[in-house]
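Asker: my questions are about this predicted structure, shown below with the sequence.
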Amino acid sequence: MNFLAHIFLSFGDKEISIGNFIADSIRGNKYTHLPATIQKGIILHREIDTFTDAHPIHKKSSKRLHPTQGHYSGVVIDVFYDHFLAKNWAQYSEEPLETFVVRFYSLLHDYYDILPVPTQKLIPYMIKDNWLLNYAHIEGIDSVLKGLYRRTGKRSNMDKAVYDLRQDYDLFESEFHHFFKDLSIFSLHKFKDL
């Protein structure tokens, strides 16, 4: 899953949210210097990723993109799924997405000094362009995918992935809802076990 889902699946715990958010910038066990709850967020993130990659619905969505996205198809599906989470936010949370996003951006400022350098560099762009809120719109997802395309050294087709999204939009959305139900149950169990 992408940023929004990981933050949401931290179940309102501030430090779990930070750990869940920064986990992709942490290699191996290079997180033992961080507060214990942030470490738990990193572990939760990794559990979510493992579950996601193995889930048959996520695999099915990803396979549909293989002809155009190749080995980046899983990354693209993660972004698509964040779009559907943002778009359908009211089905999953009583808190408005705008409020959730502002609160998380504030949290990033509170924990800025302990964030990995790559995350610190990312934050100004994320906030300026309001990525998390703009995930709800196809234009926002297009912008994120084009950014990822640039980060791959333009060696992917992620800049064209919105065409794939539009082509099978309803199917991807249906798959997301079925998958996210399973992921939410799994994540809550893991969260409680941390």
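Answerer: Cool, got the structure.
Asker: number of nearby residues for the closest residue to Asp159 other than its chain neighbours?
Answerer: Leaving out its chain neighbours, the residue that sits closest to Asp159 by CB to CB, 6 or more residues apart in numbering is Tyr149, at 3.9 Å. C-beta: built from backbone N, CA, C; applies to glycine. Tyr149 is flanked by 18 other residues according to other CB atoms under 10 Å.
Asker: from Ser73, how far off is Tyr149?
Answerer: Using CB to CB, to the nearest Å, we find Tyr149 at a distance of 14 Å from Ser73.
Asker: where does the protein have low pLDDT?
Answerer: Along the chain, segments meeting pLDDT under 70 span 1.
Asker: how about a cut-off of 90?
Answerer: 1-2, 30, 125, 147-148, 151-156, 194 (pLDDT under 90).
Asker: need the longest helix for it.
Answerer: The helix that spans the most residues within the chain, counting by DSSP state H, is helix 169-193.
Asker: that one: how far from the chain's middle?
Answerer: 12 Å (CA atoms, centre = their mean, to the nearest Å).
Asker: repeat for stretch 113-130
Answerer: For stretch 113-130, the distance to the chain centre is 15 Å (CA atoms, centre = their mean).
Asker: what of stretch 53-68?
Answerer: 16 Å.
Asker: contacts for that stretch?
Answerer: 52, 73-74, 76-77, 80-81, 157, 160-161, 163-164, 168, 171-172, 175-176, 178-179, 182-183 (CB atoms under 8 Å, 6 or more residues apart in numbering).
Asker: how about a cut-off of 6 Å?
Answerer: Stretch 53-68 has contacts (CB atoms under 6 Å, 6 or more residues apart in numbering) with Thr52, Ser73, Gly74, Val76, Ile77, Asn157, Asp164, Glu175, His178, Phe179.
Asker: before we move on, what about stretch 163-175?
Answerer: Where contact means CB under 6 Å, 6+ apart, the residues beyond stretch 163-175 that reach it are Ile57, Ser61, Leu65, Thr68, Phe80, Phe84.
Asker: list the contacts for the last one?
Answerer: When contacts are counted by CB under 6 Å, 6+ apart, Phe84 touches Glu173, Phe176.
Asker: tell me the SS of the residue of the chain most remote from its centre?
Answerer: Distance from the C-alpha centroid of the chain, by CA atoms, centre = their mean, peaks at His33 (24.2 Å). Under DSSP: H, G, I helix; E, B strand; the rest coil, the three-state class of His33 is coil.
Asker: make 322 the first number, not 1, from now on.
Answerer: Let's use 322 as the start, then, which means that last one is His354.
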